[in-house]
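**Q** Need a 3D model of the following:
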Amino acid sequence: MVEEEVLAPPVDIYEAGGALVIEMDLPGIGLEDIRIKVSSGCLVIEGEKKETGRTERPRYICMERSFKCFRRAIQFPVPVEEKGGKAAYINGVLTVRFPKKQNLSAEEVKIAIERQ
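**A** Have a look, this model is predicted:
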């Protein structure tokens, strides 16, 4: 069995306006070919760039563009409201935005040490 190479597109991650923002360039990829999910404090963006519009495979002289699956898993660097995530895909740029958690517990918790 041959394993297919999976690309990991680069991302920008930053905080703005009380939100965590993740931006990823995905030029030439259809919206229907992108999947986004959150699992265990991690954002997963995956999909596939498909070759379109050709009925027969050309004999390439130069081929620098790839048509493969991609996947990127990003651990949230700050606490966020995972269910509040929103995504937009404009001009080949995917932007995913999560509101940061505002009510972080500053309560001190003491842990007892047991004698052995």
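**Q** Low-confidence regions, this structure specifically.
**A** 1-6, 51-55, 64-67, 104-109 (pLDDT under 70).
**Q** For R59, see how far away R72 is.
**A** Per CB to CB, to the nearest Å, R72 is found 33 Å from R59. In short, each C-beta sits where N, CA and C put it, glycine included.
**Q** Those two - which one has more neighbours?
**A** A side-by-side neighbour count of R72 and R59, using other CB atoms under 10 Å, places R72 first with 17 against 5.
**Q** helices or strands up against the host helix or strand of that one?
**A** Element membership for R72 (DSSP states H and E) is strand 69-75. For strand 69-75, the packing partners by 3 or more CB pairs under 8 Å, 6 or more residues apart in numbering; DSSP states H and E come out as strand 6-7, strand 11-16, strand 42-48.
**Q** Go through those strands and name the closest to K86.
**A** Proximity to K86 (CB to CB) singles out strand 42-48 among the helices and strands packed on strand 69-75, at 12.3 Å.
**Q** which outside residues touch that closest one?
**A** 22, 24, 26, 29, 33-38, 68-76, 85, 94, 96, 98 (CB atoms under 8 Å, 6 or more residues apart in numbering).
**Q** hmm, 6 Å instead?
**A** With CB atoms under 6 Å, 6 or more residues apart in numbering as the contact definition, strand 42-48 has outside contacts at 33-37, 69-75.
**Q** Give the bridge partners for the spatially most central residue of the chain, please.
**A** By CA atoms, centre = their mean, the chain has its centre lying nearest to I45, at 3.5 Å. Applying DSSP bridges to I45 yields these beta-bridge partners: I36, R72.
**Q** partners of the helix or strand following the strand holding R72 in the sheet?
**A** Next helix or strand after strand 69-75 toward the C-terminus (DSSP H and E): strand 86-90. Strand pairing for strand 86-90, determined by DSSP bridges: strand 93-99 (antiparallel).
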